[in-house]
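**Q** here is the input, now give the coordinates:
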Amino acid sequence: MPKTTLPIEIKISTVVAISTILHSADLEAIDSALASMTGGVSDFFEDEFAVIDVSAFTSSAWTIDWAAIVALLKKYRLNAVAVRGASPLMIDAIRAQGLALDDGSGGVHAGGHATPPPLVVHAAATPAPEPALALAAPAPAPEPAPSPAASQPGSPALAPMVIDTPVRAGQRIYARGTDLIVTAVVNNGAELIADGSIHVYAPLNGRALAGASGNADARIFALSMQPELVSIAGVYRTFDEGFPTDLARQPTQIRLVGDRIDIQSLATPSRA
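**A** So this is what the prediction gives:
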């Protein structure tokens, strides 16, 4: 008997999205900031999903032109799919644009009904809650020595994801809730994303985004560093003019110092 094919199937899926955090409703200012951020590179964003975060709008006096915001993001190849941090007064206007509502709990709501797929933020700029450490059951045994993992707040709870094959142009690898370890070359046009740190024991030539869920303590390590773009907890730095020559193709680490990307050689104390 032939297998019956349903006209539609519903499956749970994880979606990676850019978090666009608005601090102003001024369209000209937003356009200017995006133009500066992308440096005029037309494919800086590659038709990625975007969550519009308006949590910073503490005053009800702000009026947001949602249709214009969606169109402006589309101009930079960002496809708005949801809004986070919206006040009750914004909800009707948001829904009128076909956007979902993200209440920050991991569920996205459309038309007032929750949908199962969780939305994973790609580049949130505000720190996400640190993973909770498992609590040991009470026991009369002598007090145990603290484990190394427990002494490092914010460390991913899951075992790291390990990739042993080259990451080619167009490929995107996401280590959700953990570190990412790559033992082969990462080519130009490839993208690595991890909620924890990224370790590349080979040349890193593509994009690397660590601390994607907001972990500002995450770092990026590579034996040969020559990336196109790096990000820690949503703070970006691009290298359109090339990676600093004194650090290029050397063992290097990248970390976040305040709101600045810091690049440090693992062989010498020189910095960029």
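
**Q** hey, where'd the helices end up in this structure?
**A** In the chain, the helices defined using DSSP state H lie at 27-38, 66-75, 91-96.

**Q** redo those as TSV? Include mean neighbour count.
**A** Glycine gets a C-beta too; all of them are placed from N, C-alpha and C. Formatted as TSV, those follow (neighbours: other CB atoms under 10 Å):
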stretch	mean neighbour count
helix 27-38	13
helix 66-75	16
helix 91-96	14
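
**Q** now for these, which one comes closest to S19?
**A** Closest to S19 of the helices of the chain is helix 66-75 (CB to CB; 11.9 Å).

**Q** could you pull up phi and psi at Y76?
**A** Main-chain dihedrals, Y76, degrees, to the nearest 10: phi -100, psi 20.

**Q** leaving out sequence neighbours, find the closest residue to it.
**A** Distances taken as CB to CB, 6 or more residues apart in numbering put L34 closest to Y76, at 5.2 Å, once the chain neighbours are dropped.

**Q** so that neighbour sits against R77, correct?
**A** No - with contact defined as CB atoms under 8 Å, L34 does not reach R77; the gap is 10.5 Å.

**Q** still on that earlier bit, can you redo the helices of the chain as a markdown table, where the extra columns are mean pLDDT?
**A** Formatted as a markdown table, the helices of the chain follow (pLDDT from 0 to 100):
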| stretch | mean pLDDT |
| --- | --- |
| helix 27-38 | 88 |
| helix 66-75 | 93 |
| helix 91-96 | 91 |
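
**Q** tell me which of those helices lies nearest to L223.
**A** helix 27-38 (29.0 Å).

**Q** what's in contact with the closest one?
**A** Residues from elsewhere that reach helix 27-38, judged by CB atoms under 8 Å, 6 or more residues apart in numbering: 22, 24, 44-45, 65, 68-69, 72, 75-76, 236.

**Q** among those residues, which one sits closest to G98?
**A** I69 (13.1 Å).

**Q** tell me the contacts of the closest one?
**A** Per CB under 8 Å, 6+ apart, neighbours of I69: 22, 27, 30, 52, 80.

**Q** per-residue pLDDT, the nearest residue to I173 once chain neighbours are set aside?
**A** Nearest non-adjacent residue to I173, counting by CB to CB, 6+ apart: L192, 5.5 Å away. If you check L192, the pLDDT there is 92.

**Q** look up how far T183 lies from L192.
**A** Relative to T183, L192 is positioned 13 Å away (CB to CB, to the nearest Å).

**Q** if you count surrounding residues, which of the two has more?
**A** Remark: of L192 and T183, L192 carries more neighbours, 29 against 14, as counted by other CB atoms under 10 Å.
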